[in-house]
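S.K.: The following block contains a protein sequence and its predicted model.
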Amino acid sequence: MRPRWLSGLAAHAVLLGYSLLVLFPIVLVFQNSFKDQMAIFAEPLRPPTPETFSLEGYRTLFEVANFPRYFLNSLTVTVASLFLIVFLGAMAGFALAEYRFRLNTFLSLYLALGIMVPIRLGTVGLLRLMAAWHMVNTLTALVLVYTAMGLPLSIFVLSRFFAQLPPDFKDAARVDGASEYRVFWMVLPLVRPALGTVAAISMIPIWNDLWFPLILAPSDRTKTIVLGAQVFLGQFLNDWQAVLAALSLAMIPAVLLYLVFSKQLIRGLTAGAVK
Amino acid sequence: MKRKPFPWHLVVFLAPAVLVYTVFMIYPMVASLTFSLFQDAGNGRQVFVGLGNYVRLLTDPLWRDPFWNAFRNNLIFFAVHMTVQNPVALLLAALLVTRVRGAWIYRTVIFTPAILSAVLIGFAWKLILSPTWGIWLPLLDRLGLGDNEVAVALLGNPSSALLTLSLISVWQNVGIPMMLFLAALIRVPRELVEAAQVDGATGWRVFWNVQFPLILPTVGIVAILTFIGNFNAFDLIYATQGALAGPNFATDILGTFFFRTFFGFQLRPGDPHMGATVAGVMLLIILTGVLLYLYGWQRRVGEVQY
């Protein structure tokens, strides 16, 4: 049998090697975004030095494209959608877990359908609906679509959490004359970790989506950061400084959010996604 | 006898979610499927053509050839994820579960690309693989591939572009199956693993004979999630190769084909009816996969007890 330290070393070698493969492109893009055009091509692997340091790319970026606006749009859409996904999802999940009524099984299955079927496949119908309601090129359209997209998983996960709560607490409240709404407000804090988890796993596909901003809200006023970056990258294909700056700038908010929410996110992936 | 009052609280709790979901998910899906059964008759009128659009998509050479090209490419895209992404994810998870020191750092780092948009990832790799920047060129020279046209422009050659993009997607998404495998492996009772070790089994045997059979349900979940994600993919190809999924449609998958059909490209105007038809076929493909998973896989291995 091989000694234990040897297999431990092999594990570290593989994991470290893979981590470097992950970090290399990200670090490469980031460090070169702070260099002048010459240095980007001459020595791409070297970090910026005082001689090669340049913010020219970022300057172009802020002159030509309205990145603060795109960022704000992304933030608005993501926060509003997450609020609705979590709040409406909690209400529906609570009802499905708490009450026995005739339509319960049917509604659970009906809502679960959306977990497996991608909402993109209804795009033709969605665009026609949004056009008929004059909601094309509004952030509201995106919020509603993302809410519909995120609700099925949210309801599924949250109803399971609500079902695990012991009934004594709720029954005691009811005996004291609390309404059903009051009972809901009282148990909501008990599933707070689950609410965080749902928000974390719902956030990534919304923040990163290209499809719906491209189709439902492509105007400059409503561009999200991903669409804004995509359009900018296409236009400035040959301005390497600007392109690298755009990539870096668009990555930073997602990475920061990840560092803040990684605990909820990892818990969500490891607990919620397994049926 | 007093009648039970109408359960208004049920309506209040359920109506908002059911309404948003029905109006913006179910209704558009049904409307799109209905729409695929009609065709423009000119002067703004529509005529019912039954499954005519589907027949056209699958038999008219103008539609058939690009459709099957996109379908074949999508299958290759999926095959690369199943044979590279998921085994690599399983390996990484198996290493992480042995409680190496710093496991959470590795885990956090390896998951990072999965939280970034495919647009940014795709474009970053496009720059890195670009012959203009030439970061690869010294490495290629050392490997003796410096003059190899395909190796120099991996994304520019029809023979290598699809495989390269598939691997970029694998690089980005490997963290997701890794987390799912890891979660399943953590739940395998330690006594089982330790008992096998006491009996003298090597790490390799313990993994395949004890741990792997117990995480089979997760293997199925990862497979179906990969399938749905791949047959619905779009962002990466569109960001790196554009709506035309070049070179010469070598990287066209169903998502980009759907987009072009719906919105048109170059001189060809968009056709919403045919777009809805392509979406209908994609829905059928995904539902087939889901049903195969539910009845072929989950029924059989879903009952693992431990």
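M.R.: Sure thing, it's come through. A quick note: this is a predicted structure, and the numbers were derived from the prediction, not measured.
S.K.: which stretches of the chain have low pLDDT?
M.R.: Just going to use chain A. Where chain A drops to pLDDT under 70, the residues are A:1-4, A:270-275.
S.K.: ah, I was thinking of chain B
M.R.: The low-confidence ranges in chain B, as defined by pLDDT under 70, are B:1-3, B:302-306.
S.K.: hey, where'd the strands end up in it?
M.R.: Along chain B, counting by DSSP state E, strands occupy B:38-40, B:46-48, B:264-265, B:268-269.
S.K.: I'd like those strands written out as TSV, with distance to A:F236 and mean neighbour count added.
M.R.: For every residue, glycine as well, the C-beta is placed using N, CA and C. Listed next are the strands of chain B as TSV, based on distance: least, Cβ to Cβ, whole Å; neighbours: other Cβ atoms under 10 Å in any protein chain shown:
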stretch	distance to A:F236	mean neighbour count
strand B:38-40	38	16
strand B:46-48	42	11
strand B:264-265	22	15
strand B:268-269	28	10
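S.K.: would you turn those into JSON lines with distance to chain A?
M.R.: Converted to JSON lines, the strands of chain B look like this (distance: least, Cβ to the nearest Cβ, whole Å):
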{"stretch": "strand B:38-40", "distance to chain A": "11"}
{"stretch": "strand B:46-48", "distance to chain A": "12"}
{"stretch": "strand B:264-265", "distance to chain A": "13"}
{"stretch": "strand B:268-269", "distance to chain A": "15"}
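S.K.: so how many other residues sit close to A:R46?
M.R.: A total of 12 residues lie near A:R46 under the criterion other Cβ atoms under 10 Å in any protein chain shown.
S.K.: Helix or strand: which one has it?
M.R.: Using DSSP states H and E, no element contains A:R46; it sits outside every helix and strand.
S.K.: what about stretch B:5-24 and chain A, any contact?
M.R.: Yes: for stretch B:5-24 and chain A, the contact criterion (Cβ under 8 Å from any Cβ of the partner chain) is met by B:7, B:9-10, B:12-14, B:16-18, B:20-21, B:23-24.
S.K.: My guess is A:S7 contacts B:T202. True?
M.R.: No: with contact defined as Cβ atoms under 8 Å, A:S7 does not reach B:T202; the gap is 9.3 Å.
S.K.: So which of the two has more stuff around it?
M.R.: In this view A:S7 and B:T202 are compared by other Cβ under 10 Å, and A:S7 has more residues nearby, 17 against 12.
S.K.: what secondary structure does that one sit in?
M.R.: Here A:S7 is recorded as helix under DSSP: H, G, I helix; E, B strand; the rest coil.
S.K.: Distance-wise, check the residue nearest to it when sequence neighbours are not counted relative to B:I285.
M.R.: In space, and not counting its chain neighbours, A:S7 is closest to B:G203: 6.2 Å by Cβ to Cβ, 6 or more residues apart in numbering or on different chains. B:G203 sits 39 Å away from B:I285, taking Cβ to Cβ, to the nearest Å as the criterion.
S.K.: on that earlier part again, pretty sure the residue nearest to A:S7 contacts A:A10?
M.R.: No: look at B:G203 against A:A10 with Cβ under 8 Å: they stay out of range, at 9.9 Å.
S.K.: between the two, which one's more packed in?
M.R.: The neighbour count for B:G203 versus A:A10, taken as other Cβ under 10 Å, is higher for B:G203 (19 against 14).
S.K.: Tell me the residues of the stretch 51-200 of chain B that contact chain A?
M.R.: Residues of the stretch 51-200 of chain B lying near chain A (Cβ under 8 Å from any Cβ): B:88, B:91-92, B:95-96, B:98, B:100, B:105-120, B:123-125, B:127-128, B:133-135, B:171, B:176, B:179-180, B:182-184, B:186, B:200.
S.K.: Show me the helices in the stretch 1-150 of chain A, by range?
M.R.: A:4-32, A:37-42, A:56-64, A:67-98, A:104-116, A:123-132, A:139-164 (DSSP state H, counting those that start in this stretch).
S.K.: coming back round to it: quick one, which of the residues of the stretch 51-200 of chain B next to chain A are buried?
M.R.: Neighbour counting by 16 or more other Cβ atoms under 10 Å in any protein chain shown classes B:88, B:91-92, B:95-96, B:100, B:106-120, B:123-125, B:127-128, B:133, B:135, B:171, B:176, B:179-180, B:182-184 among those as buried.
S.K.: how about stretch A:248-266: buried residues?
M.R.: A:248-251, A:254, A:257-258, A:261-262, A:264-266.
S.K.: Out of those, which are close to chain B?
M.R.: A:250-251, A:254, A:257-258, A:262, A:265-266.
S.K.: Now render the residues you listed as TSV, adding secondary structure.
M.R.: Listed next are these as TSV, based on three-state DSSP:
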residue	secondary structure
A:A250	helix
A:M251	helix
A:A254	helix
A:L257	helix
A:Y258	helix
A:S262	helix
A:L265	helix
A:I266	helix
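S.K.: Tell me the one among those residues nearest to A:V14.
M.R.: A:V14 lies nearest to A:I266 out of those, by Cβ to Cβ, at 20.3 Å.
S.K.: tell me the contacts of that closest one?
M.R.: With contact taken as Cβ atoms under 8 Å, 6 or more residues apart in numbering or on different chains, A:I266 is in contact with B:107-108, B:111, B:179.
S.K.: Can you pick out the most distant pair from these?
M.R.: B:T108 and B:M179 (10.6 Å).
S.K.: Quick check: the gap between A:R100 and chain B.
M.R.: The gap separating A:R100 from chain B is 11 Å, by Cβ to the nearest Cβ, to the nearest Å.
S.K.: ditto for A:P152
M.R.: 7 Å.
S.K.: so what's that residue up against?
M.R.: A:111-115, B:21, B:25.
S.K.: Most neighbours out of these, which is it?
M.R.: A:L111 (27 neighbours).
S.K.: how deep is the residue nearest to A:Y99 when sequence neighbours are not counted tucked in, by neighbour count?
M.R.: Spatially, and ignoring its direct neighbours in sequence, A:Y99 is nearest to B:L10 (6.2 Å; Cβ to Cβ, 6+ apart). Counted with other Cβ under 10 Å, residues neighbouring B:L10 total 18.
S.K.: Tell me which of the helices of the stretch 1-150 of chain A is the most buried.
M.R.: helix A:139-164 (a mean of 23; mean count of other Cβ atoms under 10 Å in any protein chain shown).
S.K.: check contacts around A:K170.
M.R.: A:98, A:183, A:186-187.
S.K.: and what of B:T164?
M.R.: Applying Cβ under 8 Å, 6+ apart, the residues contacting B:T164 are B:129, B:154-155.
S.K.: Which member of these is positioned nearest B:N248?
M.R.: B:L155 (12.8 Å).
S.K.: correct me, but that closest one touches B:L129?
M.R.: Yes: with contact defined as Cβ under 8 Å, B:L155 counts as touching B:L129 (5.6 Å).
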